[in-house]
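>>> Kindly return the folded structure for what I paste below:
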Amino acid sequence: MENFLGLIKLRIKRGTNLVACDTRTSDPYVFVTMAEQQLKTSVVKDTCNPEWNEELTLYVKDVNIPILLTVSDKDTFTVDDNMGDAEIDLKPYLQCVKMELRDLPEGHVVKNIQPDRTNCLAEESSCIWKNDKLIQEMTLRLRNVKSGEITVEIGWVTLPDSEGLSQVEF
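Below you'll find the model as predicted:
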């Protein structure tokens, strides 16, 4: 685990209003890429509003590398169809994590991040204190497609014997 700053727990919650690739529905899954890491969710059959609620774990070496989410439609006999993509910029969240906050009231909002041209946020996103840890919930608007959003949550895991974010400049 050399040079790892920590881990990101990425919960892929759900997709909303995804493009129908198979007549009236799709069989969507999410492919997650961060640097050389590649993970994917299970396929949810026959829906444009899938509920995954799956947690994936990624290691973080560089806070400047975003997480890329690509939603695809699983096809049996042809190449899977692209249903759009979105990026998660970790920096706003990790700036909050670096504060090393403790014992905040449940639901306390530490920071709000506004949607703008530099991110994929569909609406305001908040870094909040939940179950004794800091998380960020966000709804991302998919790019390169007519419609679709994906709702995710990220959380930080500090590794033992790691410098963590103490030496990171934002």
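
>>> all strands for this protein, in order.
Taking DSSP state E as the test, the strands found in the chain are 6-16, 28-34, 37-40, 51-60, 67-73, 81-88, 109-113, 125-130, 133-141, 149-157.

>>> On the pLDDT front, check Leu56 for me.
With respect to pLDDT, Leu56 scores 98.

>>> typed the wrong thing, it's Glu2
65.

>>> Thr78 now?
pLDDT, Thr78: 88.

>>> quick one, phi psi at it?
Main-chain torsions, Thr78, degrees, to the nearest 10: phi -130, psi 180.

>>> so who does Asn3 touch?
Lys61 (C-beta atoms under 8 Å, 6 or more residues apart in numbering). The way it works is simple: take the backbone N, C-alpha and C, and place the C-beta from them, glycine included.

>>> go again using 10 Å as the cut-off
Contacts for Asn3 were tallied using C-beta atoms under 10 Å, 6 or more residues apart in numbering; they are 59-62, 162-163.

>>> repeat for Asn17
Each residue near Asn17 by C-beta under 10 Å, 6+ apart is listed here: 48-49, 142, 146-149.

>>> returning to what we had before: quick one: which of the contacts of Asn3 has the most company?
Counting neighbours by other C-beta atoms under 10 Å, Val60 leads the contacts of Asn3 with 24 neighbours.

>>> end-to-end on stretch 15-24?
One end of stretch 15-24 to the other measures 16 Å (C-alpha to C-alpha, to the nearest Å).

>>> For Asn112, state which of the contacts of Asn3 is nearest.
Using C-beta to C-beta, Val60 comes nearest to Asn112 of these, at 22.5 Å.

>>> Turn the strands of the chain into a markdown table, columns for distance to Val168.
Output for these, formatted as a markdown table (distance: least, C-beta to C-beta, whole Å):
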| stretch | distance to Val168 |
| --- | --- |
| strand 6-16 | 10 |
| strand 28-34 | 16 |
| strand 37-40 | 19 |
| strand 51-60 | 10 |
| strand 67-73 | 17 |
| strand 81-88 | 17 |
| strand 109-113 | 17 |
| strand 125-130 | 16 |
| strand 133-141 | 16 |
| strand 149-157 | 12 |
